[in-house]
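S.K.: Predicted coordinates and the sequence they were generated for:
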Amino acid sequence: MTVETLRLGEHTAELILNRPEALNAISTAFAEAITAACATLAEDRSVDVVVITSGSAKAFSVGADLKERAGFSDDQLEAQRPVMRAAFAAVRELPMPTIAAVEGYALGGGCELALAADLIVAGADATFGLPETSVGLVPGGGGTQALPRRVGRARAAELIFTGRRIDAEEAGRIGLADRVVPASSARQQAIDLAVIIGANAPAAVRQAKRALRDGADRPLAEALEIEDEAWRAAAFSPDRREGIAAFVEKRRPEWSR
């Protein structure tokens, strides 16, 4: 099994990258498994948050499976390209919040998988990097676009041009990681964060994600229209009435799903 999904309580799911013998190197089959797992999660209205973890203590993922690619012809590499793009897009486009729990190596496509999530929780022993230029490639899983949106263009350029690896402390300092936590605790800390997010109205959280994602890099006037659409979808849902009633009555809300 290369990708597994587990339920963590009633409304949180864990997507586990589980190819430990290859440190979760992303082969064609592995990419297809990621896409399939995300497709199932995207359709499940009972899932409010997805935590992305690794079955390997050594790595979140070391990126593309270069051993597989070593035997590829140009035609085979071309045929693999849409499969790989689909996997990163599947993570990026999940409608609910996603949290990557990173321990060990997150390199190349592994770093890009983490960047495809909404939030990154990094263990203190995590190592991030986009070393593609050192093997004659350009980051192709969204790295050239996602990284500058997190850390700024100049920092992203330096990391991509040099292929330099950075530790968790630097990743947190420059904004690549959102939280840096003690080694081996990233998964649990990500789950704890998921519980906090999951206590809020799921439809509202999904709409907030949509506004954040779809409004990014749009002109302000366009982005505000997207925000207004998201606000209306949440404001005129049963959850808005339930949320206010629960606040007034000093009780826990019961969200619709």
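M.R.: Structure's in. What do you need?
S.K.: From the chain's centroid, how far away is the longest helix along the chain?
M.R.: Looking only at the chain and at elements set by DSSP state H, the helix with the highest residue count is helix 74-92. Relative to the centre of its chain, helix 74-92 is centred 17 Å away, using Cα atoms, centre = their mean, to the nearest Å.
S.K.: could you dump stretch 130-146 to CSV, C-alpha only?
M.R.: The C-alpha atoms that make up stretch 130-146 are tabulated as CSV, following Å, rounded to 0.1, in the frame of the first residue of the first chain:
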residue,chain,number,x,y,z
LEU,A,130,13.9,22.0,-4.0
PRO,A,131,17.1,20.4,-5.5
GLU,A,132,15.7,19.9,-9.0
THR,A,133,18.2,22.2,-10.8
SER,A,134,21.0,19.9,-9.5
VAL,A,135,19.6,17.1,-11.7
GLY,A,136,18.7,19.2,-14.7
LEU,A,137,15.1,19.9,-13.8
VAL,A,138,12.8,22.7,-12.7
PRO,A,139,10.4,22.1,-9.8
GLY,A,140,7.3,20.9,-11.5
GLY,A,141,4.8,20.2,-8.7
GLY,A,142,4.0,23.8,-8.1
GLY,A,143,7.2,24.7,-6.3
THR,A,144,8.1,27.7,-8.5
GLN,A,145,4.6,29.2,-7.7
ALA,A,146,3.8,28.0,-4.2
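S.K.: just to revisit the earlier point, immediately after the longest helix of the chain, which helix or strand?
M.R.: Under the assignment DSSP states H and E, the closest C-terminal helix or strand after helix 74-92 is strand 98-102.
S.K.: Who are the packing partners of that following strand?
M.R.: Under the contact definition 3 or more Cβ pairs under 8 Å, 6 or more residues apart in numbering; DSSP states H and E, strand 98-102 sits against strand 49-54, strand 59-61, helix 109-116, strand 119-123, helix 186-198. Just so you know, the C-beta spots here come from the backbone N, C-alpha and C atoms, and that holds for glycine as well.
S.K.: can I get the ones you listed in CSV with mean pLDDT?
M.R.: Output for the helices and strands packed on strand 98-102, formatted as CSV (pLDDT from 0 to 100):
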stretch, mean pLDDT
strand 49-54, 98
strand 59-61, 98
helix 109-116, 98
strand 119-123, 98
helix 186-198, 97
